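Undergrad: Would you be able to build a 3D model of this:
(chains A, B, C and D)
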2 protein chains.
Amino acid sequence: MPLEKPHTAQECTAALGAVQDALYAVGGKWKLPVIAALRDRGPQRFNELQRSIKGISARVLSTELKQMELNGFIHRKIDTGAPVVVTYELTPYADTLGNVLGALREWGAQHRNKIRGKITAEVSPPF
Amino acid sequence: MPLEKPHTAQECTAALGAVQDALYAVGGKWKLPVIAALRDRGPQRFNELQRSIKGISARVLSTELKQMELNGFIHRKIDTGAPVVVTYELTPYADTLGNVLGALREWGAQHRNKIRGKITAEVSPPF
DNA sequence: GTAAGTAGTAAACTAAAGGTTAGTACTTAC
DNA sequence: GTAAGTACTAACCTTTAGTTTACTACTTAC
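TA: Take a look at the predicted model:
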């Protein structure tokens, strides 16, 4: 069952809203690549991060980082020494996405196979 | 860990792609409301469905239904009797979204509380 | 025959997301 | 002092998502 069956209309609306909030938090083109870059290359500075994530522009990186900071996924660390150094890093809170991303990845992988299978099945038989 | 740590760059890219495919399949403004409407009101005809989902236009409903049919979530049943009757219904495959939607709803609900808590905490102390 | 319903599609629009180019203010290396 | 780097922001443009309004072709009830 897609969403456990809620009993009241309020519960149903709340469940829908919660799912949509979650989708919004990880949705868009670049949030996952940002998380992935920080996860497997560690904390990075702005330009470093831009180079890590192929194709992202400074403008978009900047806005994504701000949203993700608001959502608590990212910490913007400022060292106010001789040259100010700004470093972005994942917070422990970002780890709470584990289940969500795990479920999405698993379902997505299976779905990809299913769709590919369908196309191959429709096209291949006579060959 | 957000995404179990893959060992190769290929695995990492594949995992990211899978997550993005999944997000695409359930993303957008209306796919979840459509699923919810069919889930709790049962199979419905086009205009019926449009009335069930407050605010959706015929054009958008039409395109959402087509995409969801391609993804295998929905079956378009045609009874070619005296008046042709078209009915939309969820397929068993739509149920495979259970884990994904469950994880999203749970995380989303918790996140909503966290964010609300933060704002209240920031604003309320002196009062 | 006309009013209302079914199952949509077409054309034109607005809004939101994202991309491109350029520029700021500052620092460090040569 | 000039070239290159850091950490961005501003202005503008394109693309995509979603909305609005109207329309078709067909059926059923009165």
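Undergrad: C-alpha from now on. contacts and neighbour counts both.
TA: OK.
Undergrad: Does chain B have contacts with the helix or strand hosting A:Glu69?
TA: Using DSSP states H and E, A:Glu69 maps to helix A:58-70. No - shown here: helix A:58-70 not in contact with chain B (Cα under 8 Å from any Cα of the partner chain), separated by at least 8.7 Å.
Undergrad: Report all helices and strands that that helix contacts.
TA: Packing partners of helix A:58-70 (3 or more Cα pairs under 8 Å, 6 or more residues apart in numbering or on different chains; DSSP states H and E): strand A:74-80.
Undergrad: Centre of the chain to the strand it packs on, how far?
TA: From the chain centre to the centre of strand A:74-80 is a distance of 21 Å (Cα atoms, centre = their mean, to the nearest Å).
Undergrad: got a list of contacts for that strand?
TA: A:65, A:68-69, A:84-91, A:94 (Cα atoms under 8 Å, 6 or more residues apart in numbering or on different chains).
Undergrad: Stretch A:27-47 too?
TA: Outside stretch A:27-47, the residues within contact range by Cα under 8 Å, 6+ apart are A:26, A:49, A:52-53, A:56, A:61, A:64, A:68, A:85-90, B:2, B:16, B:23.
Undergrad: How about it, which residues are buried there?
TA: A:27, A:30-39, A:43-44, A:46 (16 or more other Cα atoms under 10 Å in any protein chain shown).
Undergrad: measure that stretch end to end?
TA: 23 Å (Cα to Cα, to the nearest Å).
Undergrad: what about that stretch, near DNA strand D?
TA: Yes - Stretch A:27-47 comes into contact with DNA strand D (Cα under 7 Å from any atom of the strand), by way of A:45-47.
Undergrad: hmm, back to that, please export the alpha-carbon coordinates of the helix holding A:Glu69; PDB is fine.
TA: Output of helix A:58-70 as PDB, limited to C-alpha atoms (Å, rounded to 0.1, in the frame of the first residue of the first chain):
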ATOM      1  CA  ALA A  58      28.100  29.300  -8.800                       C
ATOM      2  CA  ARG A  59      24.600  30.800  -8.600                       C
ATOM      3  CA  VAL A  60      22.800  27.500  -8.300                       C
ATOM      4  CA  LEU A  61      25.400  26.000  -5.900                       C
ATOM      5  CA  SER A  62      25.000  29.100  -3.700                       C
ATOM      6  CA  THR A  63      21.200  28.800  -3.500                       C
ATOM      7  CA  GLU A  64      21.300  25.000  -3.000                       C
ATOM      8  CA  LEU A  65      23.800  25.400  -0.200                       C
ATOM      9  CA  LYS A  66      21.600  28.000   1.500                       C
ATOM     10  CA  GLN A  67      18.500  25.800   1.300                       C
ATOM     11  CA  MET A  68      20.400  22.800   2.500                       C
ATOM     12  CA  GLU A  69      21.800  24.800   5.400                       C
ATOM     13  CA  LEU A  70      18.200  25.900   6.300                       C
END
